[in-house]
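Structure of the sequence below:
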Amino acid sequence: MGSVVYPPVVTLVEPEDQEIGDPYLYGAERLFTASVDQTATLTFTLDDGVPHAYPNVTQASHSFQIPLLGVHTVRVVAQNANGSGEDYWTWNIFVTPPTIYLVDPAESEVTDPVNASRLFTARSNQYAIIRFYLDGQLKQETPVPTQNASYFHEAAPLGEHVVSVVATNSNGSGQNHWDWNVKECFSEGATKCVGYDLFECINGRWTLKEANAVQCGYPASPTVTKVSPTTDTLGLYRMNDNPPVLTVQVNQPALLTLKVDDVVVDMRTVAQVDTDVTFEQCPDFIAYMKVASHLGTHTVSIIAENGNGISDPVTWQWTLIVGIDQAAIEFEAMPNYIILGYEFEARMSDMPFFDASSFSSPGDHKLLIPSHAYTNEDHTMKKGAIAFHRDFWENSVHRFIAFTAYMWDSDGGSRCNEPDDPPNPCWIDPDGRAQYGCMKLTCNMTHTMRLDLRDRSVLKACATDDQGVWRCVRKLPVTSDESIVNIDFMSEIQWIYGQNGELPFPTADLSDNEIVLTWIRVKKIDEPESEQEKTLRPNICLKLRYSSDEYPLEPNPYNPQQGTFGARLIWTRREVQGSPGEEEFVLNFGITQ
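Alright, predicted model coming up:
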């Protein structure tokens, strides 16, 4: 009897189970492996699709792309000369969302110090778009489906956060997350000082335990420090000046109080320590400066006060003087001329004057009309000045113009006040004091005055008296190389505010007050020495200071025809026509409110 022949027998290797299932994922594949008990050709077929044969093998594998949703059959057939044998898998394709796994950190609880960097890495079991979120805010997403992705955060923000990772594809979404705890401190209960404040580590945060703690060096009472000015004196301030600007710092939150003597003129609450606090344009300080009884020297102080106590004051010495408004019109020589002296006629018919030498009562005021000769471009270096004004008593009996001269030495400070002529007092002022070095002139007359440097040894201040006789009132020695570089005419009001802080003086019409600049004694540089000194009309040899040689008497920004120093005083210039060289050079002045 012949040998028995058996057909080949197929065994399912991988997957081992005949019933299998996979979620549908586009593009994914499944590997199928089978073996046979004898050499044969193994053929794999998905449903009724194309067979895939592997000849003369005892084991073979083949991958199929995951088909559409539903139940499918993968059949494997073994065939040789002995016959054939087969087996199959039942393949169920279904939908399931991807699963996301935490890779790094692998633990879901993560702790980092503030501002540390951190890399988060996750993996999906399906190809998917992977997105990372920090506290619900999208931070990063992959541009194409993938199974692995990472998110890098450069500076860890303080607090407790959630980093979520979501994988999304056509099967749905899967997510996972890390609890990210970012701390400032790790030793609970530890303390530290920040400036004067004490902080304690609570739940990973430095939490304020005590502000202005003594153990952090906080002083028992506040301290005020000068910032500007750092000197001990503030100098002289006129009644119409702005108050001094004072800047200080305080080392604790406190109430700052600004005082003049014992009078509070401003207060500031300070919350931010060690920063500049500036007092300026304080309304109560401005009001204080308009009170006549406040003239004189005072102590200005700033103190700080809080629950810790009252600071020592920072102080300045400050002097309040009478209010002053000034205006001037200035001239200098034309090229090739040197000024040796000048004459002018003065008429004052409408300029108010209240004789109050002491300036002690509300409403006291005085008007001065000086002419200055300068032998130096620095105008603090006056060589001489003439001042005159109307004067009357309240009963209007005592009424005249007083003429005097104050002669400054070349240092701009010391005065030479010895009268030359006359030696007797020219009047007794309302306070009973004799006034020397002056002349009493009649109001309704025109008087001629001059500053004279012609003898080259002294500068003289002279005027004609009521009889038309020249009288020299003051003189000051000069050096042979000195000359007058420029001259001016200036009006100045000195006053004390009225009872209610108002200006005490009335207006004065310009047309009733005038100075006629008549002759200028000059030296002409480009002529023979015997002909150099001559007397000329001012329009020939003078120009407005700072003006051009082409337009010598045109107003300019540096020296306008109206005065610039005071808002209430003005000067104007006009020429009265005459024959060539004989024009009058007239200056008018007045007061506006």
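
Show me how this protein divides into domains.
According to automatic domain parsing, the chain comprises the domains 10-94, 100-183, 224-321, 324-589.

and of these, who's closest to Gly204?
Gly204 lies closest to domain 100-183 among the domains of the chain, at 3.1 Å (Cβ to Cβ). Where you see a C-beta, it was placed from the backbone N, CA and C, and this is true even at glycine.

any chance of the domains of the chain in TSV, with distance to Glu200, mean neighbour count and mean pLDDT too?
Below are the domains of the chain laid out as TSV (distance: least, Cβ to Cβ, whole Å; neighbours: other Cβ atoms under 10 Å; pLDDT from 0 to 100):
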stretch	distance to Glu200	mean neighbour count	mean pLDDT
domain 10-94	53	16	92
domain 100-183	14	16	92
domain 224-321	21	16	92
domain 324-589	57	17	68
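
Same list as before, the ones you listed that is, but in JSON lines and with distance to Thr207 included.
Compiled in JSON lines, the domains of the chain are given as follows (distance: least, Cβ to Cβ, whole Å):
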{"stretch": "domain 10-94", "distance to Thr207": "50"}
{"stretch": "domain 100-183", "distance to Thr207": "12"}
{"stretch": "domain 224-321", "distance to Thr207": "20"}
{"stretch": "domain 324-589", "distance to Thr207": "54"}
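
Quick one: closest of these to Asp197.
Closest among these, using Cβ to Cβ: domain 224-321, at 10.5 Å.

Need the distance between the two termini of that closest one.
Using Cα to Cα, to the nearest Å, one end of domain 224-321 lies 28 Å from the other.

do stretch 222-238 as well
Per Cα to Cα, stretch 222-238 runs 33 Å from first to last residue.

And for stretch 285-297?
Stretch 285-297 has an end-to-end distance of 15 Å (Cα to Cα).

Give me the contact list for that stretch.
Applying Cβ atoms under 8 Å, 6 or more residues apart in numbering, the external contacts of stretch 285-297 come out as 237, 239, 241-243, 258, 260, 263, 265-266, 279, 317-322, 359-364, 496-497, 501.

Ile286 sits in which helix or strand?
helix 283-288 (DSSP states H and E).

Quick one: distance of the next helix or strand along the chain from that helix to the chain centre.
Per DSSP H and E, the first helix or strand lying C-terminal to helix 283-288 is strand 296-306. Taking Cα atoms, centre = their mean, to the nearest Å, the mean C-alpha location of strand 296-306 is offset from the chain mean by 27 Å.

Where does Asn56 fall, secondary structure wise?
Here Asn56 is assigned to strand 52-65, by DSSP H and E.

Repeat that for Gly27.
Applying DSSP H and E, one finds Gly27 in no helix or strand.

How about the contacts made by it?
Gln65, Tyr127.

let's see it at 10 Å
Gln65, Ile66, Tyr127, Pro145 (Cβ atoms under 10 Å, 6 or more residues apart in numbering).

any chance of these in CSV, plus distance to Leu587?
Shown next, in CSV, are those (distance: Cβ to Cβ, whole Å):
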residue, distance to Leu587
Gln65, 111
Ile66, 110
Tyr127, 100
Pro145, 96
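
Could you spell out the sheet neighbours of the helix or strand just after the strand holding Asn56, each with its direction?
Following strand 52-65 in sequence order, the next helix or strand is strand 70-80 (DSSP H and E). Using DSSP bridges, strand 70-80 pairs in its sheet with strand 29-46 (antiparallel), strand 83-94 (antiparallel).

now could you export just the CA positions of strand 70-80 as CSV?
Extracted as CSV, the C-alpha positions of strand 70-80 are listed here (Å, rounded to 0.1, in the frame of the first residue of the first chain):
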residue,chain,number,x,y,z
GLY,A,70,-16.9,47.5,8.4
VAL,A,71,-16.1,43.8,8.6
HIS,A,72,-13.5,42.4,6.2
THR,A,73,-11.8,39.0,5.6
VAL,A,74,-8.1,38.4,5.1
ARG,A,75,-7.6,35.0,3.7
VAL,A,76,-4.3,33.1,3.5
VAL,A,77,-4.0,29.9,1.2
ALA,A,78,-1.1,27.4,1.1
GLN,A,79,-0.7,25.4,-2.1
ASN,A,80,1.8,22.7,-3.3
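
Okay, helices next: where are they in the stretch 401-550 of the chain?
Counting by DSSP state H, counting those that start in this stretch, the stretch 401-550 of the chain has these helices, from start to end: 538-541.

Let me see the ranges of the strands in it.
427-428, 434-435, 438-441, 447-452, 458-464, 470-477, 486-495, 513-524, 533-536, 542-544 (DSSP state E, counting those that start in this stretch).

coming back round to it: quick one, which of the strands paired with strand 70-80 is nearest to Val162?
strand 83-94 (31.6 Å).

which is the next helix or strand following the closest one?
With DSSP H and E, the next secondary element past strand 83-94 is strand 100-104.

Can you give the contact residues for whichever helix or strand comes after that next one?
Using DSSP H and E, the helix or strand that follows strand 100-104 in sequence is strand 109-113. If you take Cβ under 10 Å, 6+ apart as the criterion, strand 109-113 is touched by 102, 105, 118, 120, 153, 156, 158, 161, 163, 178-186, 204.

hey, what's Ile303 bridged with?
Ile303 has these beta-bridge partners by DSSP bridges: Thr257.

Name all residues that make contact with it.
With contact set as Cβ under 10 Å, 6+ apart, Ile303 has these partners: 222, 224, 250, 254-259, 310-315.

ok, it to Val270 distance?
According to Cβ to Cβ, to the nearest Å, Ile303 and Val270 sit 12 Å apart.

just His372 next, same as before
Relative to Val270, and taking Cβ to Cβ, His372 is found at 48 Å.

residue contacts, Val322?
238-240, 292, 295, 356, 359-360, 364-366, 493-497.

Looking at these, which one is closest to Val586?
Closest approach between the contacts of Val322 and Val586, by Cβ to Cβ: Ile493, at 21.8 Å.

Remind me which helix or strand the closest residue to that closest one other than its chain neighbours belongs to.
Once flanking residues are discounted, Ile493 sits nearest to Asp325: 4.9 Å by Cβ to Cβ, 6 or more residues apart in numbering. Under the criterion of DSSP H and E, Asp325 resides in strand 323-333.

That strand pairs with which strands, parallel or anti?
Assessed with DSSP bridges, strand 323-333 is paired to strand 486-495 (antiparallel), strand 542-544 (antiparallel).

Quick one: work out the angle between the longest one and strand 513-524.
Interaxial angle of strand 486-495 relative to strand 513-524 (axes from the mean of the first three to the mean of the last three Cα atoms, to 10 degrees): 150 degrees.

Can I get strand 486-495 as PDB, trimmed to CA atoms?
Provided in PDB are the C-alpha atoms of strand 486-495 (Å, rounded to 0.1, in the frame of the first residue of the first chain):
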ATOM      1  CA  ASN A 486      26.300 151.300  26.300                       C
ATOM      2  CA  ILE A 487      23.600 153.300  28.000                       C
ATOM      3  CA  ASP A 488      20.000 152.700  29.000                       C
ATOM      4  CA  PHE A 489      16.800 154.300  30.300                       C
ATOM      5  CA  MET A 490      14.900 152.200  32.700                       C
ATOM      6  CA  SER A 491      11.700 152.500  34.700                       C
ATOM      7  CA  GLU A 492      11.200 150.500  37.900                       C
ATOM      8  CA  ILE A 493       8.200 150.200  40.200                       C
ATOM      9  CA  GLN A 494       8.700 148.900  43.700                       C
ATOM     10  CA  TRP A 495       5.600 148.100  45.700                       C
END
